[in-house]
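# Quick one: sequence and predicted model below, then my questions.
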Amino acid sequence: MRKFLVGYDYGSGGIWRVIIAENSKQILEEYPELVIQDNKPSWMSEDMYRKLLSEAINLSDTNNVFFNSIRSQRA
């Protein structure tokens, strides 16, 4: 399993998270709304990046608030 930095643009802003998955394709098949970042954006501090890494979400966590929010926007 690997950790992937992702961004979710909800129109008036965005949310950044780290997702644990086998590969990026797996993430995009489940959540095509996400953008996978190969590198940490230059504006993102190391502290913020480390915090996101420490709070990484497993792709299989179907009760996660972040994932639930994305699915609710689809309706």
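Received it, and whenever you're ready, just let me know what you need. All figures in this text were calculated on a predicted structure; none of them were measured in a lab.
# Can you show me the helices along this structure?
Secondary structure of the chain (DSSP state H): helices located at 24-30, 46-54, 65-74.
# From the contact counts, what lies against the first one?
Meaning helix 24-30. In terms of contacts (3 or more Cβ pairs under 8 Å, 6 or more residues apart in numbering; DSSP states H and E), helix 24-30 is packed against strand 2-9, strand 35-37. Heads up, the C-betas are built off the backbone N, CA and C, glycines and all.
# Nearest approach to Ile70 belongs to which of those?
Nearest of the helices and strands packed on helix 24-30 to Ile70, taken as Cβ to Cβ: strand 2-9 at 6.4 Å.
# List the buried residues of that closest one.
Neighbour-count burial for strand 2-9, counted by 16 or more other Cβ atoms under 10 Å, picks out 4-6, 8.
# Just tell me which of the helices and strands packed on helix 24-30 ends up closest to Glu29.
Set against Glu29 and scored by Cβ to Cβ, the helices and strands packed on helix 24-30 come closest in strand 35-37, at 12.0 Å.
# So what are the sheet partners of the closest one and their directions?
Strand pairing for strand 35-37, using DSSP bridges, gives strand 2-9 (antiparallel).
# Could you tell me how far the strand it pairs with lies from the centre of the chain?
Here the centre of strand 2-9 is set off from its chain's centre by 3 Å, with Cα atoms, centre = their mean, to the nearest Å.
# Run the angle between that strand and helix 65-74 for me.
Calculated by axes from the mean of the first three to the mean of the last three Cα atoms, to 10 degrees, strand 2-9 forms an angle of 40 degrees with helix 65-74.
# How about residues contacting strand 2-9?
Counting by Cβ atoms under 8 Å, 6 or more residues apart in numbering, strand 2-9 makes contact with 14-24, 27, 31, 33-37, 40, 49, 52-53, 56, 66, 70, all of which sit outside it.
# Show me which of those residues are buried.
By neighbour count, with 16+ other Cβ under 10 Å, these hold 16-19, 21, 27, 31, 34, 52, 66, 70 as buried.
# Looking at those, which is nearest Met44?
The nearest member of those to Met44, counting by Cβ to Cβ, is Trp16 at 7.3 Å.
# Fine by me, we can end here.
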